[in-house]
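S.K.: prediction below, plus the sequence it came from.
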Amino acid sequence: MKRHLKSKEKSEDGQAMVEFALVLPVFLLILCGIIDFGWLFYNQLSLNNACREGARYAVVNTAEGGSTQAIKSHIENLTTNVFANDGVDISIEYTSQGDPTAGDIKVSLEADISFFTPVLSSVLGKEKTITSTVIMKVESYTDS
């Protein structure tokens, strides 16, 4: 009698493997998307930090006669570890061209970031351009 009941049950030997094969591509897509967005977010934060630090360096050193080349060099030192292969485009502008200590300074950085996994690169292209801009007031002091 028991033998008769067992033969009527369906065999489920390959069910887990089929379910895994159906879920695996979706799982990998989500995992790679999380990794790529984390990579982009990390690079954006690094670029924002370098831009802010470059503007702060410019504000502090403009009153002492600091040149834009010194500011660019400082920013390049900050971004060398993160953006070593891609490089960063640096733009520095003073609002008061005649007297840099009388206006604002605008530091803009732009970098092309390669994706970490091939998932987002197949949708968005091989690289994504990220930018950051900081405007700070150049404060000068006078000895009285």
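M.R.: Good, I have the coordinates.
S.K.: contacting residues for the residue nearest the centre of the chain?
M.R.: Geometric centre of the chain, nearest residue: residue 43, 2.1 Å, by C-alpha atoms, centre = their mean. By C-beta atoms under 8 Å, 6 or more residues apart in numbering, the residues touching residue 43 are 82-83, 111, 113, 130. Any C-beta I mention is one placed from the backbone N, CA and C, and that applies to glycine too.
S.K.: neighbour-wise, which one of those leads?
M.R.: residue 111 (23 neighbours; other C-beta atoms under 10 Å).
S.K.: what about that residue, distance to residue 54?
M.R.: Using C-beta to C-beta, to the nearest Å, residue 111 is found at 13 Å from residue 54.
S.K.: returning to what we had before: if you look at the contacts of residue 43, which of them are in helices?
M.R.: Among the contacts of residue 43, DSSP state H puts none in helices.
S.K.: ok, which pair from these is furthest apart?
M.R.: 82 and 130 (11.2 Å; C-beta to C-beta).
S.K.: what's the overlap in contacts for those two?
M.R.: Shared contacts of residue 82 and residue 130 (C-beta under 8 Å, 6+ apart): 43, 47.
S.K.: which elements pack onto whichever strand or helix holds residue 69?
M.R.: Using DSSP states H and E, residue 69 sits in helix 68-79. Judged by 3 or more C-beta pairs under 8 Å, 6 or more residues apart in numbering; DSSP states H and E, helix 68-79 is in contact with helix 15-62, strand 88-94, strand 104-114.
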